[in-house]
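Q: Here's a sequence, model it:
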Amino acid sequence: MKILGLLAVVILSISSVHAGKISSASPEEATDGDNVFVLPKNYPRDFGVVGVYELLDRQASTIRVDGLDYYLSSNVKVVVPNISASGLLSLTKGRVLGLVLKGRTVTNIYQFPSDFKYMEH
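A: Next up, the predicted model:
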């Protein structure tokens, strides 16, 4: 099987583990069984942190993901599937997020689709 052609595959092992891989390929190209999850095309290939969203503290400008707090950039970009004008209030607690970081400051937040299977360890 020629899966890796132009695919971008990320194995998640930052603070928790996903049972498989993430790909930016189309569903037709991702033919590695149930172990490949296809993210929307506008999502990056790599994340500094992937985990479950727990808390947003707007006063402190922090977000808690998997029990750890991260500072939010003053112009953080938020992307939520099927919402064209996303903001911090568009995020859903309990959903999986991918964070792009500069140091410990979050510059971009990507909420994963609801059918993303995520396993903590």
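
Q: where are the low-confidence patches of the chain?
A: Within the chain, the segments meeting pLDDT under 70 span 1-36, 119-121.

Q: Break it down into its structural domains.
A: 9-38, 49-111 (automatic domain parsing).

Q: And G98, how far from R45?
A: Per Cβ to Cβ, to the nearest Å, G98 is found 10 Å from R45. Using the backbone N, CA and C atoms, a C-beta is placed for each residue, glycine as well.

Q: If you could redo that for N75, that was the one I meant.
A: According to Cβ to Cβ, N75 and R45 sit 22 Å apart.

Q: For those two, indicate the residue with more neighbours.
A: The neighbour comparison of N75 against R45 (other Cβ atoms under 10 Å) goes to R45, with 12 against 6.

Q: What is the three-state secondary structure of that one?
A: State at R45, reduced to three classes by DSSP: H, G, I helix; E, B strand; the rest coil: coil.

Q: ditto for the one 5 residues further on
A: In three-state terms, and counting by three-state DSSP, V50 is strand.

Q: Direction included, what does the top strand by length along the chain pair against?
A: Longest strand in the chain by number of residues (criterion: DSSP state E): strand 68-79. Sheet pairing for strand 68-79, assigned by DSSP bridges, gives strand 62-65 (antiparallel), strand 105-111 (parallel).
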